[in-house]
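J.: What would the 3D arrangement of this be:
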Amino acid sequence: LLGHVEPVDAHRVDEFDRFRFPVQYVNRPDREFRGYSGTVASGSVRVGDEVMVLPSRRRSRVRRIVTFDGQDGEEPRAAVRHQAVTLTLEDELDVTRGDLIALADDTPSVTDLVDAHVVWMSDEPLTVGKLYDVKVGTKTTQAVVRQVQHRLDVETLATEPSDRLELNEIGRCRLAFTTPVAVDPYKALPETGSFVLIDRISNATVAAGMVIRSAREPKGVRATNVVWHESKVTREVRAALKQQTPCVLWFTGLSGAGKSTIANALEQRLASLGHHTYLLDGDNVRHGLNKDLGFTDEDRVENIRRIGEVAKLFVDAGLIVITAFISPFRSDRQMARELFEAGQFIEVFVDTPLEVAERRDPKGLYAKARTGLIKNFTGIDSPYERPTGAEIVLDTVEEDVESAVRTVVGVLNQRGFLSIDDALDDPGGQ
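T.: Alright, predicted model coming up:
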C-alpha cells in the first residue's frame, strides 16, 4: 500500500498550475541587468512566455531565469512552484516590490474592494471605517473595513448579523484597499488569496483574512479603458414622456414566500393604471443573463450584482422596475441599494416563515433540498438574512395577494411615484 501511496502528489494540480510570482526585490547590480527576485507562489513559467505585471497590466516576455545554483552553470529554462528565482524581461518595465507577475492569458483580479473571511485576533474589536495596514503577499498597502457582513457561530457554523468582530471571532467583511491589489480567491490559490491586517499604531497583527471574491469585479478582469458616455436624452426626459417617476421595487424573501405571485399581480395593477413597468424574475433571468451562475454564495452575489445593474439601467430608462429574487444576503441587497439615488430603491420583504414556505413548496424544491438532491438551498443548507430596514413588509400568512398589492400601491402613492388619480382609483391608496 505504501508503495502506491508515497508517489502520489498530495496537491490538486488544478489549484496550483496558475503562475503567480510576487516580486520581493528589484535586483539591478549594473546597467545591463535588471531582474525581479522572489519565490514562485504557484504554477510555472518558461523562458519566452508572455507575462503581465500587475497592477500596471504591462506585458513582456521572460528573457532569463536566474537561480543561485545556475550562476556557475547553464541557466534553467523554467521555474516552478516554491522555487526562488530572479526573472529578467525583454522590456524595461516599471516593476516594484509588491507587484505580481502572471502569465498574460491567466491573470488574477486587480481590485480595490474585496469580500473576505476575517479571523480577528486582537483584544480591541474590529472597527469599521478604521485604516489598517494590510499585507498581501509581498505587497503592503492600507485598507479600510467598510462593512461586517455577518459573523460565524463557530459552534453551529450558522451566520448571524453583526457590525463588529471580537477576539477570536470569524466574520465575512468587505474591505477597501487604498491602492489596487492583485488577488485570487483563497479557495483557488491560498498564496495570493490571503492577507493580514496590522494596526498602524501598535504594529501588531490584528487579523488574518482569506479573499472570497473581488467585490469590484466578480467575473473576469475589470476594463480600465472605458469611459461612461453621457446620453443627450436624460432619465428625467424619459420619465416625463412616460409621465411617471421611476424606481425599483426589490422583492426579497424565501422560496415559496409569494414574491413572484405578488410581483406579477403588482405589475398588472400598475399597467392597468397606465404605468410603464418591467418585472425581473429570478427564474426567468437564470434562463439567459445569468444562466452561467449556480447557487454557491459567490454565484448568488454575482447574480444580485448583475440584476442590480440591469435594474439601474431600466430605472434610467424611466421605468418602474419590479424584481423578485430571494437575494438572501443583507450585504448584497445593500450593494444593490447603493446603485440608486436616495429614495429610488424600495425593499419589499415578503415575510413568510420557513415552515409556511416549505409547506407550500409550489415547485417541490424544499423536498428535494431535504433529501440532498439540491445543494445550497436557502433556508435549508444556505442562510437567509432577514432585512432589518425594509421600506415595505408583507406578511403573506395574514395578507392575501390583493391586499399585498394594495399595500405596495399605497406606499408608492405616499412616496410620490404614482399620481393622485392613481390613489383615488386604487382602494389601498391613501
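J.: lowest-confidence helix or strand of the chain?
T.: helix 13-16 (a mean of 48; mean pLDDT, DSSP states H and E).
J.: Leu152 reaches Ile170, doesn't it?
T.: Yes: with contact defined as CB atoms under 8 Å, Leu152 reaches Ile170; the gap is 4.5 Å. From N, CA and C alone the C-beta is placed, and that goes for glycine too.
J.: list residues touching both of these two?
T.: His117 (CB atoms under 8 Å, 6 or more residues apart in numbering).
J.: Give me the distance between the residue nearest to Lys368 when sequence neighbours are not counted and Lys363.
T.: Among residues not flanking Lys368 along the chain, Ile374 sits closest, at 4.6 Å (CB to CB, 6 or more residues apart in numbering). Separation of Ile374 from Lys363 (CB to CB, to the nearest Å) stands at 10 Å.
J.: what's the answer for Leu152, then?
T.: Distance of Leu152 to Lys363, given as CB to CB: 30 Å.
J.: ok so, going back, looking at Ile374 and Lys363, which is more packed in?
T.: Ile374 (16 against 11; other CB atoms under 10 Å).
J.: per-residue confidence for the more buried one?
T.: pLDDT recorded at Ile374 is 85.
J.: thinking again about what came up before, if we go by neighbour counts, what in the following helix or strand past the least confident helix or strand of the chain is buried?
T.: Using DSSP states H and E, the helix or strand that directly follows helix 13-16 along the chain is strand 20-22. For strand 20-22, the neighbour count (16 or more other CB atoms under 10 Å) marks Arg20, Phe21, Pro22 as buried.
J.: Average pLDDT for strand 20-22, rounded please.
T.: The model assigns strand 20-22 a mean pLDDT of 96.
J.: Show residues contacting that strand.
T.: With CB under 8 Å, 6+ apart, strand 20-22 has contacts from 36, 38-43, 45, 87, 98-102, 108, 137-139, 184, 189, 191-192.
J.: Count the residues that sit near Glu230.
T.: 6.
J.: Give me the secondary structure label for it.
T.: coil (DSSP: H, G, I helix; E, B strand; the rest coil).
J.: With the one 3 residues further on instead?
T.: Applying three-state DSSP to Val233 yields a three-state assignment of coil.
J.: With Pro29 as the reference, measure out to it.
T.: Taking CB to CB, one finds Val233 at 61 Å from Pro29.
J.: hang on, the earlier thing: can you tell me which of the contacts of strand 20-22 end up in helices?
T.: Using DSSP state H, the members of the contacts of strand 20-22 that fall in helices are Glu191, Thr192.
J.: any weak-confidence spans in the stretch 151-300 of the chain?
T.: 216-228, 297-298 (pLDDT under 70).
J.: For it, which segments are assigned as strands?
T.: 159-160, 170-183, 194-198, 205-214, 247-252, 277-281 (DSSP state E, counting those that start in this stretch).
J.: and the first one, which strands flank it?
T.: Strand 159-160 has the following sheet partners, assigned by DSSP bridges: strand 139-152 (antiparallel).
J.: Can you turn the buried part of the contacts of strand 20-22 into a ChimeraX selection?
T.: One line in ChimeraX is enough to select the buried ones among the contacts of strand 20-22; burial here means 16+ other CB under 10 Å:
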select :36,38,39,40,41,42,43,45,87,98,99,100,101,102,108,137,138,139,184,189,191,192
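J.: Out of the contacts of strand 20-22, list just those in strands.
T.: Tyr36, Gly38, Thr39, Val45, Leu87, Leu100, Ile101, Ala102, Lys139 (DSSP state E).
J.: Which residue is the nearest non-sequential neighbour of the third one?
T.: Right, Thr39. Ala84 (4.9 Å).
J.: now Leu394
T.: Ala404 (4.7 Å).
J.: So what's the residue count around the one you found?
T.: 23.
J.: That one: what's it in contact with?
T.: Neighbours of Ala404 in contact, by CB under 8 Å, 6+ apart: Gly258, Ile262, Ala265, Leu394, Thr396.
J.: Now with 10 Å, please.
T.: 258, 261-263, 265-266, 348, 350, 392, 394-396, 428 (CB atoms under 10 Å, 6 or more residues apart in numbering).
J.: Return the members of those classed as buried.
T.: Looks like the contacts of Ala404 have Gly258, Thr261, Ile262, Ala263, Ala265, Leu266, Val348, Val350, Ile392, Leu394, Thr396, Gly428 buried, using 16+ other CB under 10 Å.
J.: thought the first one was touching Ala357?
T.: Yes: under the criterion of CB atoms under 10 Å, Gly258 is in contact with Ala357, at a separation of 8.5 Å.
J.: Give the residues shared as contacts by those two.
T.: Common neighbours of Gly258 and Ala357, counting by CB under 10 Å, 6+ apart, are Val350, Thr396.
J.: Could I get the phi/psi values of Ala357?
T.: phi -60, psi -40 (degrees, to the nearest 10).
J.: Having no further points to raise, I will conclude here.
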